[in-house]
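# next comes the sequence, and after it the predicted model I'd like to discuss.
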Amino acid sequence: MKSLLLNADMGESFGPWVMGLDHEVMPHVDLANVACGFHASDPDVIRMTVRLAKRHGVTVGAHPAYPDMVGFGRRSMACSAEEVENLVLYQLGALAGVCRAEGLEVGYIKPHGALYNDMMRDPEILEAVMRALLAFDARLPLMVMATRDTSPARELAERHGVTLWFEAFADRAYDAEGRLVSRREPGAVYHDPEVIVDQAQRIARGEPLTAIDGSDLVLAADTLCVHGDNPESIAAIEAIREALNGMASAS
């Protein structure tokens, strides 16, 4: 069984509009993917989130996105590779400035939404994200999706000397290739805490999940993404943490 780091998307509120239950999620995760202002967040929310992560000893990661506040970064945009490199670098710099003010450093990068999905389908976009990472700090890991075949991402990372963290999702359905089922499709997001905890445990044990076509799917992951948008999801996160801790103790 592999020890999985729990990560969650954080700091996605904007002004008076609150997104997520960050204060309830933060005590249970290892990694906080902090929105950098392009799909969500603002300077006040970013700093508040960084302070919250520091209080709980949670590593802060950059969560850059396409400049799509209205679509919450979930819509692909016709950006060139150079534009992708620059927008990731820009957002990294913004978060790094806040982290520096709080005595922290950015610990990794996890692109958000459509940018995250696009880079797993288009090597040019993935390479552009890697170039931004290397220009900023070559030591930073890049979080990418744990698919059925991770060799293309691994080969590109080895060529550039980039460390990858492979990520799986406890509350999402997968297709046969190990990619996330679109949120527009029914059943793409799981809400039953028992189902979510079971999937988390299967991933941690290296056991197969069932893809939407009925095939077995094994995901080799380093980190598990959890979401905390409502009391039920918070209960699921707490149960996942307890289950993973119990599995680690038993092993």
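In hand now; what should we look at? Nothing here was measured: the structure is a model prediction, and the numbers come from that model. Numbering: from 1, shown residues only.
# what's the closest non-adjacent residue to the residue positioned nearest the centre of the chain?
Nearest to the geometric centre of the chain sits Lys110, at 5.2 Å (C-alpha atoms, centre = their mean). Take Lys110 and drop its neighbours on the chain: the residue closest to it by C-beta to C-beta, 6 or more residues apart in numbering is Met143, 3.7 Å away. Every residue, glycine included, has its C-beta placed from N, CA and C.
# what's the helix or strand for the residue lying closest to Val84 once chain neighbours are set aside?
Leaving out its chain neighbours, the residue that sits closest to Val84 by C-beta to C-beta, 6+ apart is Ala128, at 4.0 Å. When elements are assigned from DSSP states H and E, Ala128 belongs to helix 123-136.
# just checking, what packs against that helix?
helix 81-101, helix 113-121, strand 142-145, helix 151-160 (3 or more C-beta pairs under 8 Å, 6 or more residues apart in numbering; DSSP states H and E).
# so for the longest one, what gets flagged as buried?
Spelled out, it's helix 81-101. 81, 84-89, 91-92, 94-96, 98-99 (16 or more other C-beta atoms under 10 Å).
# what residues does that helix touch?
Applying C-beta atoms under 8 Å, 6 or more residues apart in numbering, the set of residues contacting helix 81-101 from outside is 34, 36-38, 43, 46-47, 50, 60, 62, 64-67, 79, 105-106, 109, 111, 115, 124-125, 127-129, 131-133, 135-136.
# could you do the third one as well?
Among residues not part of strand 142-145, those counted as contacts by C-beta under 8 Å, 6+ apart are 7, 33, 61, 108-111, 116-117, 119-120, 126, 129-130, 133, 150, 153, 157, 162-167, 178-180, 223.
# between the two ends of stretch 118-129, how far is it?
Terminal residues of stretch 118-129 lie 11 Å apart, using C-alpha to C-alpha, to the nearest Å.
# one step back: chain center to the helix holding Ala128: distance?
The chain centre lies 17 Å from the centre of helix 123-136; the measure is C-alpha atoms, centre = their mean, to the nearest Å.
# residues contacting Leu209?
Counting by C-beta under 8 Å, 6+ apart, Leu209 has contacts Tyr174, Gln199, Arg202, Ile203, Asp216, Leu217, Val218, Leu219.
# strands of the stretch 151-251 of the chain, start to end?
164-169, 209-210, 216-217, 223-226 (DSSP state E, counting those that start in this stretch).
# pick the most buried one from these.
The highest mean neighbour count among the strands of the stretch 151-251 of the chain, using mean count of other C-beta atoms under 10 Å, belongs to strand 223-226: a mean of 23.
# what is that one packed up against?
Using 3+ C-beta pairs under 8 Å, 6+ apart as the contact test, the elements touching strand 223-226 are strand 5-10, strand 164-169, helix 193-205, helix 231-250.
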